[in-house]
Every structure is written in C-alpha cells, then in structure tokens.
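A.B. asks: sequence first, then the predicted structure:
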Amino acid sequence: METPLTQHINMSRQSFGLKDYERVGGYQAVRKAVTTMSPAEVAKTVQESDLKGRGGAGFNTGMKWSFVPMEGVSGPKYLIANADEMEPGTFKDRYLLEGNPHQLIEGMIVSAYAIQANVSFIFLRWAYKKAATLLLQAIEEAYAAGYLGKNILGTGYNLEMHLHTGVGRYICGEETALLNALEGKRATPRAKPPFPQVSGLFGKPTIVNNVETLCNIPHIVNNGADWFKSLSKSEDSGTKLYGISGRVNKPGLWELPMGTTVRELLEEHAGGMKNGYKFRGALPGGASTDFLVEEHLDVKMDFKSVAAAGSRLGTGTMIILDDHTCPVGFVHNLEHFFAQESCGWCTPCREGLPWTEKLLLALENGEGQHLHLELLEMHTRNLGPGSTYCALAPGAMEPLQSGLKYFREDFERHITEKRCPWR
Amino acid sequence: MLSEQEIHEIDKEIGIMPVRKSACIEALKIVQKYRGWVSDECLNEVAAYMQMSAEELDSVATFYNLIFRKPVGRNIILLCDSISCYVMEYQLIYKSLQDRLNIKFGETSSDGRFTLLPNACLGCCDHAPAMMINKDLHTDLKIDQLEEILNKYE
C-alpha cells in the first residue's frame, strides 16, 4: 500500500531538511513542472486526478484553479496555503507540517506555477510553534537552492514565499476570512461572488488550498492522474490522512486509501474502544460534521459515501463519543466553541449560537423543558445552509441536528429526570 | 515609545505587504512579544505608525484571541477546552489547576506568575488532554504531573 504523503515522515527525527528531502526525490516535481510542462498541463493533470480539497469542502482542486484568469491580469496573483488548522478534533496538517515541511513548499511552488502566481503565503496557526520554526528554515533553504525567488531553475519563473502566523480565531480558516486576516483586518468572511479566484487578496486573483491538498500535488505531477486514482478504494481519488481521538486504545493518525471504512479505522488502526467503554457515535470529520452511529460502521470514509450516510467527510479526523460521555454535554461543548468563535458579522450566527449553547446548558443543569428541544430544532433550521453569511453556523448545526436525532432519549431523560444522568 | 528594535521588525513586515496597514496584526504581535501585552499607549503608537486610527486598530486587536489588551502574568497557560479534550476530561485538569494556582479562567495569580486561559483545540487531539504554557505544548496530561510541569516556569 502506497503512502505518498507520509512515507518520509518520522516524528522522532529532529528535522527533515532540504538535502534529506532531495535524497528521496524531493523537488523533482518542481523541476518537471517548470522545465517540461506548461502551467495549463500541470492544471490539467491535477484536474484529471480528481484531487478534492482536503480542508473539508471537498471541491475538485484543478477545477478551483481553472477559475483563475490566466491573461490580462495586472499586478500579482497569489497562492495561499491554509495551515490554520483549528477544526476541533483535527490534527492532520500539523503532522505534515512538522514531519515534512519541504513537501508543502514543493506543492505550493508547483501549484503557484500552474496558476502563474508570483507571491505565496503560508497562513499558519499560531499554536504550531514547531511547524513555524521548521517552515522558516525550509523556506530559507528553498530560496538558497533556487527553488524560490527569481528565475526558478533558470526558467524565468519567479515566486516569493512568506510565512504568516495568525493570532487565533477559528473563522480564519474560512478562505475569505483568511484573506481579510492576511490584509490586517477583522477576520469576517466576504460575500461570494466575487470568488477569491477572481478577486481575492488585495483584490487580486487568489487560490487558497489546504495543506494536505497541496502536499498531494508533487506526487500527482510526478506519477500522473491515473496513479493517483489507483491509490483509492472508492470513487474519490488518492489517499487520506485519517485520525481518531477519544476513548480508543490507540488514538492516532494514519494515511490510508480514500474509502477506508469507519470500522477498519476504529477497530484495526485505533485498536477498538478502551476496555469498559462502548462506541455510541462519531463525528467523522471534525466538530462541524453530523454524527455517524453504529449502523454506519461500514460506511466508506470518502466524500460521497459519508454524504450518503447523512454527514460529511470534513477533515477525516474522527472524534468518538463513548457511553461514559453525556451526548448533551458533548454537543454543549461543541456549541460553546462555535458560539465563541462566531465572528459576529451576521445576526443568525451571532445571536443563534449563544442561544443554543444556553439551551443545552439548561438541559445539562436539569432545568430543561420539552419546549427547549423544539427551540433547538428551530435553530437547526434557521441557522442552516443559506440563512447565514458563511458556513460556520450551518456547520455548528450538524452535530446538533444529528445529536437530537440519534440521542433523542438521552436529551429527553435530562428533562424528565431533571438532571444529567451522567453526573 | 516604540523601541528601535520594534520599529525595525515592524518595517520588515510592512515591506512584505502592498498596503501599509495590512501589517498591523504583525505589528501588534511584535509589540506584545516584547511587552507581554498591548497597552492603550502602545496601541495609539502602533496605530499612528501604521497610519490608521486607534479605533480601527483596536477593532482588529480585540477581534483576535491572542492579542492581550490587559496585563497578563509572566507565563500564559492555555488549556484546551474543545471536544477531544472534553471527552478525555480536561475538566479534571482545570479543577486541579484552579486549586493549585487559586485562579479561574481569565485570571492571573496574585504573584503574577501565571495567567490561565481557556483555548480552542490545540491540534493534538490524539494526545488529549493538552495545554500550552508559553511556547511549550504539554500533552496526555495527568493530574499528578501538573506540579512538575508548573515548576518549570518561574
């Protein structure tokens, strides 16, 4: 089984520098792309590979690039790596950033070449201190070796790269909010259209891609679209970094073929539930995805299959709900997070999320009424897709609506028993 | 007064960006790095240097979780309170920190040694519960290790 993204990662090693990376074939994709391929050929290969965005939305990456105007643009175009990993339960990009920073830089150079961007940024989460140090070193090494800067490999292609570390807000991961943060503003999302591909950073054409997405690019350019498709067990191409956290024997992160089932992840890779704990459900791809429950254990973890099961693949990092944890308390913790992280720009999100948090707290404290369940359900509709400015509130409603569906009895017990049965 | 070193570092950030005030978040970070927090006086000076109003800069400064507009202790404890740490009972770690330091979330110990803050997911959920103290990540936290960890910070 091939694991292109993680094959050279060994976390016990101090660092994996330019020479180490070149020794295992690193920067061959930059060489191949800029010296033998046109930007359009690179973009076409990526589009044919059907690589879908690994940040959660799952949009075809090559398709996203295709909206960038290639002629008649005055001033720079930008490529941005979204390394603002902050979806609760998600820890996959940290692994790629710390384990092999040059892989990301190479992916960014090839991607920037495909859209003919001359300036690139890595928007890194502030908490990733080790990644920041390693990325700064790696960027410096890449400049010194002629992979970044002016006239890359003698081809006349120029690319600057800068590291920007954020100052902490979940919403910065939303791509248009990220652009505002990078422009030194409050990170409120922008209206779309215009899409960033046409009018992004400083009003210029901009592509924002997730770290894992970008790390796939060198391998696709080196090995081709068909190879990338062959890595998968399902209709969605490639491998995926899957993770599991919670009361399992071996919480962790694994690169596996796209379409690996929930059961295989839970039982084989995470070693099953800890002794004395039972599986009750899981958020398959971070805090803003709907619960999957026991009947979904054989669902394939790819975009289409998880959607068919009523949830989203999201980031592919699962959080397990066990039988010692109160589902209402679990959802309350999530809604507390979303209420706190709402940027406050649009009313349904700013007012609605704290309301759901309060209702859930009332239930937890034994002060819940049946009316509260109706109010919670009302919110799942009123804060759903189309009612808010960005995807934060609709994402926040996913675990709430599916929690109300699958753990209804537990919600009702809080009301009839006037207490949390888990306390 | 902004120091020469601060101005030097801020100028470097301004040089990267096509619009001067887009480096304002970096400027706030630089000031906070040297002073621990951003006072009104500093905010006014940074705003003037960035050629923006103090109100505009404050609207940015107060938006972000990790720009401190109030004094903080010598060490900042950021305890993750997000979902994986909740399942792994960060609440017990919080209780123990409260007892040891005699402070709640948002407070600074009377000796000025620690400020305790809740923090959203730190991205090491397979090693929950987790916290950061200054630049150091501490994972797989157990109550009986806390004393030893805290002792590392003066």
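C.D. replies: Sure, I can see it.
A.B. asks: hey, where'd the strands end up in the chain?
C.D. replies: Went with chain A since none was named. For chain A, the strands defined by DSSP state E occupy A:78-83, A:119-124, A:160-165, A:206-210, A:239-245, A:252-257, A:279-283, A:317-322.
A.B. asks: actually it's chain B I care about, not the one you picked
C.D. replies: Here chain B has its strands, by DSSP E, at B:75-80, B:107-108, B:114-119, B:131-133, B:136-138.
A.B. asks: and the strands of chain A: which comes nearest chain B?
C.D. replies: strand A:239-245 (3.7 Å; C-beta to the nearest C-beta). C-beta coordinates here come from the backbone N, C-alpha and C atoms, glycine included.
A.B. asks: hmm, that closest one in reach of chain B?
C.D. replies: Yes. Residues of strand A:239-245 contacting chain B under C-beta under 8 Å from any C-beta of the partner chain: A:243, A:244, A:245.
A.B. asks: and which of these is nearest residue A:265?
C.D. replies: Using C-beta to C-beta, residue A:244 comes nearest to residue A:265 of the residues of strand A:239-245 next to chain B, at 6.1 Å.
A.B. asks: ok, that closest one - contacts?
C.D. replies: By C-beta atoms under 8 Å, 6 or more residues apart in numbering or on different chains, residue A:244 lies in contact with A:251, A:252, A:265, A:266, A:269, A:270, A:317, A:318, A:320, B:126.
A.B. asks: so who does the closest residue to residue A:363 other than its chain neighbours touch?
C.D. replies: Closest residue to residue A:363 apart from its sequence neighbours, by C-beta to C-beta, 6 or more residues apart in numbering or on different chains: residue A:414 at 4.5 Å. Counting by C-beta under 8 Å, 6+ apart, residue A:414 touches A:328, A:363, A:364, A:366, A:368, A:420, A:421.
A.B. asks: mind picking the two most distant members of the residues you listed?
C.D. replies: Pairwise over the contacts of residue A:414, using C-beta to C-beta, the maximum falls at A:368 and A:421, 12.2 Å.
A.B. asks: between these two, which is the more surrounded one?
C.D. replies: Shown here are residue A:368 and residue A:421; by other C-beta atoms under 10 Å in any protein chain shown, residue A:368 has more neighbours (26 against 10).
A.B. asks: now the strands of chain A in TSV, with distance to residue B:103?
C.D. replies: Below are these laid out as TSV (distance: least, C-beta to C-beta, whole Å):
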stretch	distance to residue B:103
strand A:78-83	32
strand A:119-124	30
strand A:160-165	27
strand A:206-210	37
strand A:239-245	28
strand A:252-257	34
strand A:279-283	32
strand A:317-322	29
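A.B. asks: possible to save these as CSV with mean pLDDT and distance to residue A:349?
C.D. replies: Listed next are the strands of chain A as CSV, based on pLDDT from 0 to 100; distance: least, C-beta to C-beta, whole Å:
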stretch, mean pLDDT, distance to residue A:349
strand A:78-83, 98, 21
strand A:119-124, 98, 22
strand A:160-165, 96, 26
strand A:206-210, 98, 21
strand A:239-245, 98, 26
strand A:252-257, 98, 31
strand A:279-283, 98, 20
strand A:317-322, 98, 22
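A.B. asks: show me the one of these that comes nearest residue A:89.
C.D. replies: strand A:317-322 (4.0 Å).
A.B. asks: so which residues make contact with the closest one?
C.D. replies: So strand A:317-322 is contacted by A:87-92, A:241-248, A:253, A:262, A:265-266, A:273-274, A:277-287, A:291, A:327, A:330, B:83-84, B:87, B:125 (C-beta under 8 Å, 6+ apart).
A.B. asks: which among those end up buried?
C.D. replies: Neighbour-count burial (16 or more other C-beta atoms under 10 Å in any protein chain shown) applied to the contacts of strand A:317-322 gives A:87-92, A:241-248, A:253, A:262, A:265-266, A:273-274, A:277, A:279-287, A:291, A:327, A:330, B:83-84, B:87, B:125.
A.B. asks: what about those, which are in helices?
C.D. replies: Counting by DSSP state H, these place A:92, A:262, A:327, A:330, B:83, B:84, B:87 in helices.
A.B. asks: closest one of those to residue A:375?
C.D. replies: Distances from residue A:375 to those, taken by C-beta to C-beta, are shortest for residue A:327, at 17.7 Å.
A.B. asks: tell me how many other residues crowd residue 50.
C.D. replies: Defaulting to chain A. Around residue A:50 there are 19 residues (other C-beta under 10 Å).
A.B. asks: wait, chain B
C.D. replies: Residue B:50 has 22 nearby residues by other C-beta under 10 Å.
A.B. asks: before we move on, the earlier item: whichever of the contacts of residue A:414 end up buried, select them in PyMOL.
C.D. replies: In PyMOL syntax, the buried subset of the contacts of residue A:414 is picked out as below (16+ other C-beta under 10 Å):
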select buried, chain A and resi 328+363+364+368+420
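A.B. asks: dump the residue contacts of the nearest residue to residue A:42 once chain neighbours are set aside.
C.D. replies: Distances taken as C-beta to C-beta, 6+ apart put residue A:114 closest to residue A:42, at 4.1 Å, once the chain neighbours are dropped. The contact partners of residue A:114, taken as C-beta under 8 Å, 6+ apart, are A:33, A:39, A:42, A:43, A:46, A:65.
A.B. asks: tell me the pLDDT of residue 99.
C.D. replies: Chain wasn't specified; assuming chain A. At residue A:99, the pLDDT value in this model is 96.
A.B. asks: my bad, the chain I had in mind was chain B
C.D. replies: pLDDT, read off for residue B:99, is 96.
A.B. asks: from residue B:125, how far off is the residue nearest to residue A:363?
C.D. replies: 26 Å (C-beta to C-beta, to the nearest Å).
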